[in-house]
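Participant: Sequence and predicted structure are below.
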Amino acid sequence: MGNEKSSLDFLELAIHLGLAFDMEQDSAFWAFKNHAEFEEIQTKIEHLKQPIYNSKAAFSLSEKDMIPEGIAYDPVEQNFYLGSTYKSKVVKVDINGIANDFAKQRQDGLRTVLGMKVDAKRGILWVCSTVNDPPPKNVNREDIGWSGIFKYDLKTGRLIKKYTVQQQGETHLFNDISLTKQGDVFITDSGFSAIYIIPHQKDELELFLKSDAFSYPHGIALFPDEKTLCVANWGIGIFTIDIKTKDFSLIASPDSITTYGIDGLYFYENSLIAVQNGMDWIVLVASF
């Protein structure tokens, strides 16, 4: 619109927050090509694209069309579990990196597999499954909006129980899971802006909290004292929820940090670690 100064200020802020743009290919930025600051901005963007990491590959799969999303780890048997969004199955990867199907394609009615958690104490693998639009391979469009939680025996791979929800006029998307030491299961429902619970004593799926304030609730993690939940909302930030009162509030963050696009959440040594898909990085969100 010709507001060069304002546009450049916003662009600088976006770059400062970590957003990298392809200015050469996007015509929206061509108006800046002859601007004195264009080259400097380009240099900053190229710097952002450089990976910063202290990690190494743990393992890789030969099955390239699996599209894994959910991941869980069993500290007892030292196995990883990967959920396939495309093939509607769960793969087990052992300590030597050897992969085998734990639950085969569409086994037990699995659809797109998202968040998973291992309950090592009870020998259980909890699996979120859903049907997005477009649906995964070999899944009918009529199933869009369906979601389920699958409870598997880790040793045998046998399905212990399945908890499903499908309601006309509602879209459900069970996305991620957090477990208490007693075995209570908390689940985010991104499509329904809600959190569900499976109490260990009742062993039934129940609505825990629904709010219009939630925006695509994603990753979920328990504080170490298990009195508070942290729930990532894709376009808003992270809510803390008092489990007893169900009161919730946003975690404050400085203007220099963006909480956009957070998916997985994990507590580690009193720090909250986020998989920030919207920014393509892993970030320490907060320390407690």
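Facilitator: That came through fine.

Participant: which element is Trp126 on?
Facilitator: strand 124-130 (DSSP states H and E).

Participant: Pairing partners for the helix or strand following that strand, with directions?
Facilitator: For strand 124-130, the succeeding helix or strand toward the C-terminus, using DSSP H and E, is strand 147-153. Sheet pairing of strand 147-153 (DSSP bridges) gives strand 124-130 (antiparallel), strand 159-165 (antiparallel).

Participant: nearest to Ala194, of these?
Facilitator: strand 159-165 (10.1 Å; CB to CB). Using the backbone N, CA and C atoms, a C-beta is placed for each residue, glycine as well.

Participant: what ranges of the stretch 51-200 of the chain fall below the confidence cut-off?
Facilitator: Residue ranges of the stretch 51-200 of the chain with pLDDT under 70: none are present.

Participant: okay, now the domains of the chain?
Facilitator: 4-48, 68-287 (automatic domain parsing).

Participant: Tabulate those domains in CSV, adding columns for distance to Asn54.
Facilitator: Output for the domains of the chain, formatted as CSV (distance: least, CB to CB, whole Å):
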stretch, distance to Asn54
domain 4-48, 18
domain 68-287, 11
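
Participant: which residues touch Lys87?
Facilitator: By CB atoms under 8 Å, 6 or more residues apart in numbering, the residues touching Lys87 are 63, 65-67, 105, 136-137.

Participant: now Ile282
Facilitator: 273-276.

Participant: Chain neighbours aside, what residue packs nearest to Arg122?
Facilitator: Gly183 (6.1 Å; CB to CB, 6 or more residues apart in numbering).

Participant: Looks like the one you found contacts Asp119 (just checking).
Facilitator: Yes. At 6.4 Å, Gly183 and Asp119 qualify as touching, with contact defined as CB atoms under 8 Å.

Participant: Comparing these two, which shows the higher neighbour count?
Facilitator: Using other CB atoms under 10 Å as the criterion, Gly183 and Asp119 rank with Asp119 on top: 20 against 16.

Participant: so that one touches Val127, yeah?
Facilitator: No. In this structure, Asp119 is not within contact of Val127 by CB under 8 Å, at 11.6 Å.

Participant: List just the nearest of the contacts of Lys87 to Ile236.
Facilitator: Ile67 (26.3 Å).

Participant: check contacts around the closest one.
Facilitator: 84-87.

Participant: quick one: which of the contacts of Lys87 is nearest to Ile220?
Facilitator: Ile67 (21.7 Å).
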